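*Asks:* I'll drop the sequence and a predicted model, then ask my questions.
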Amino acid sequence: MPQPAVVRNLLEEFASRRPIRTTSLIITLFGDVVSQHGGTIWLGSLVDALAPFGISDRLVRTSVFRLVREGWLEAERVGRRSYYRFTPYGTHEYERAARRIYALKQKHWNGHWQLLIPLDIPDKSREPFRRSLHWQGFRAIAPGTFAKPGEGGSALLQTLQEFDAVDRVLLMEADSSELSSEQVVRRLVQESWQLDEVAQGYRQFLAHFKPLHQWLLRHPEPEPRAAFIARTLLIHDYRRILLQDTHLPEALLPPGWPGERVLQLTGTAYRALAEPSVAYITQELESGNGKMPPPVDGFWSRFQSVAPG
C-alpha cells in the first residue's frame, strides 16, 4: 500500500540527512518499541522494520554489530536466527532517557538551585560525566561550576554513584528568589542554557511535524505500517531534540517559549499513532517467542500528561 504523502515527505527528509545515523535510529527503535514488546527482536524483523527508512540489510547488520561491541545490545542465537535485546547498560540508559522523553510534568519551582563543583573527576571520565550532567539539565555557569534549577534528585545520585563521584564533588543549594535583580538570573540563563539556539531547534521541529499533526486530525485511524513509520520518525527526532532541551522551569523561560508546543504536538501525535502502530508491530515483527507480544501496560500511559490538542 502506498504511503500517505505526509509520511513520504517525512521519509524523504530523513533519507536526505547526512550522515544518516543508523545506530541512533536503532536505539530509538529498541527504546520505543522493542523494550515495550517483550524485549527481544529477530534480526530479520529489524531489517524489515528499517527498510522503509532507506537503510539496507548490510547497514542494519553492521550497525547492530557496532552496538553490540559498544555494550548497548546483546545477541542470542536460536538455530540459524539471531535475536537482540538491550544489555543491562542499554536498559539503564534507555530508562534514564525515558523519564524525560515520555512527558513527565515538571514540578513547581521554588527558586532553589543545585550547584555542583567537581573536585577530583578522573580525566577519562570528565567528558562522559559532563554529558550526563547536561542531560539532567545542569549547565556550566562559570569555570568548574554547574547549576540546575530545582533539586538534583535520584538521577543525580545515580550519576554520582555510576562515576564513583559521590566523594569527588561539592554539592550546594542556592536561592535566587530574593535577588533584587531578576535580570541577572535571566541573562545567566539566556547565555548558559543557549536559549536562542534551543528555541530555533524547537521551531524547526514544529514546522517539520505540523503537517503530520494536521493529517492525523483528518485521518484518526491511519494504516498500521504508516503509523509505525510516522511514530518512529516522530519519537526519534523528539529524542534528539531533547538532548538540547533546557528543562528549565517556566518561570525562567522567555514569553512564547516553543517547548510546550513541541511537547503538545509530540504527545498528541504519538497517542494518535500508538494503537495502529502497535497493530503493525504485533502482526509483522517477531521476537524470540514468535510474533511480538502486546505492549506492557505502562506503554499506554506514555504522554498521558499531555492534554489532547
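*Replies:* In hand now; what should we look at?
*Asks:* and the helix or strand Leu217 falls within, how far out from the chain's middle?
*Replies:* Taking DSSP states H and E as the definition, one finds Leu217 inside helix 195-218. Averaging C-alpha positions (CA atoms, centre = their mean, to the nearest Å) puts helix 195-218 16 Å from its chain's average.
*Asks:* Would you mind putting the CA coordinates of it into PDB?
*Replies:* Provided in PDB are the C-alpha atoms of helix 195-218 (Å, rounded to 0.1, in the frame of the first residue of the first chain):
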ATOM      1  CA  LEU A 195      18.000  29.600  24.700                       C
ATOM      2  CA  ASP A 196      18.100  31.100  21.300                       C
ATOM      3  CA  GLU A 197      19.700  28.000  19.700                       C
ATOM      4  CA  VAL A 198      17.300  25.700  21.600                       C
ATOM      5  CA  ALA A 199      14.300  27.700  20.600                       C
ATOM      6  CA  GLN A 200      15.400  27.600  16.900                       C
ATOM      7  CA  GLY A 201      15.600  23.800  17.100                       C
ATOM      8  CA  TYR A 202      12.100  23.700  18.600                       C
ATOM      9  CA  ARG A 203      10.700  25.800  15.800                       C
ATOM     10  CA  GLN A 204      12.200  23.600  13.100                       C
ATOM     11  CA  PHE A 205      10.700  20.600  14.800                       C
ATOM     12  CA  LEU A 206       7.300  22.200  14.900                       C
ATOM     13  CA  ALA A 207       7.500  23.100  11.200                       C
ATOM     14  CA  HIS A 208       8.600  19.600  10.300                       C
ATOM     15  CA  PHE A 209       5.900  17.700  12.100                       C
ATOM     16  CA  LYS A 210       3.000  20.100  12.000                       C
ATOM     17  CA  PRO A 211       1.700  18.500   8.700                       C
ATOM     18  CA  LEU A 212       1.700  15.100  10.400                       C
ATOM     19  CA  HIS A 213      -0.300  16.500  13.300                       C
ATOM     20  CA  GLN A 214      -2.800  18.200  11.000                       C
ATOM     21  CA  TRP A 215      -3.100  15.000   8.900                       C
ATOM     22  CA  LEU A 216      -3.900  12.900  12.000                       C
ATOM     23  CA  LEU A 217      -6.700  15.300  12.900                       C
ATOM     24  CA  ARG A 218      -8.300  14.500   9.500                       C
END
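*Asks:* So which elements touch it?
*Replies:* Helices and strands touching helix 195-218, as assessed by 3 or more CB pairs under 8 Å, 6 or more residues apart in numbering; DSSP states H and E, comprise helix 5-15, helix 224-242, helix 259-284. Just so you know, the C-beta spots here come from the backbone N, C-alpha and C atoms, and that holds for glycine as well.
*Asks:* Which positions within that helix qualify as buried?
*Replies:* Across helix 195-218, burial judged by 16 or more other CB atoms under 10 Å covers Leu195, Val198, Ala199, Gly201, Tyr202, Phe205, Leu206, Phe209, Leu212, His213, Trp215, Leu216.
*Asks:* what's around Ala51, how many residues?
*Replies:* If you count neighbours by other CB atoms under 10 Å, Ala51 ends up with 12.
*Asks:* separation between it and Val306?
*Replies:* 31 Å (CB to CB, to the nearest Å).
*Asks:* Equivalent analysis for Ser56, please.
*Replies:* Counting by CB to CB - Ser56 and Val306 are separated by 36 Å.
*Asks:* Those two: who's more crowded?
*Replies:* Taking neighbours as other CB under 10 Å, Ser56 and Val306 compare with Val306 leading, 20 against 12.
*Asks:* Spatially nearest residue to that one (excluding sequence neighbours)?
*Replies:* Gly267 (2.9 Å; CB to CB, 6 or more residues apart in numbering).
*Asks:* That neighbour against Ser301, yeah?
*Replies:* No: contact criterion CB atoms under 8 Å: Gly267 and Ser301 do not qualify, at 11.6 Å.
*Asks:* Compare neighbour counts for these two and give me the winner.
*Replies:* Using other CB under 10 Å, the more surrounded residue of Gly267 and Ser301 is Gly267, with 21 against 10.
*Asks:* pLDDT wise, what is the more buried one at?
*Replies:* pLDDT recorded at Gly267 is 95.
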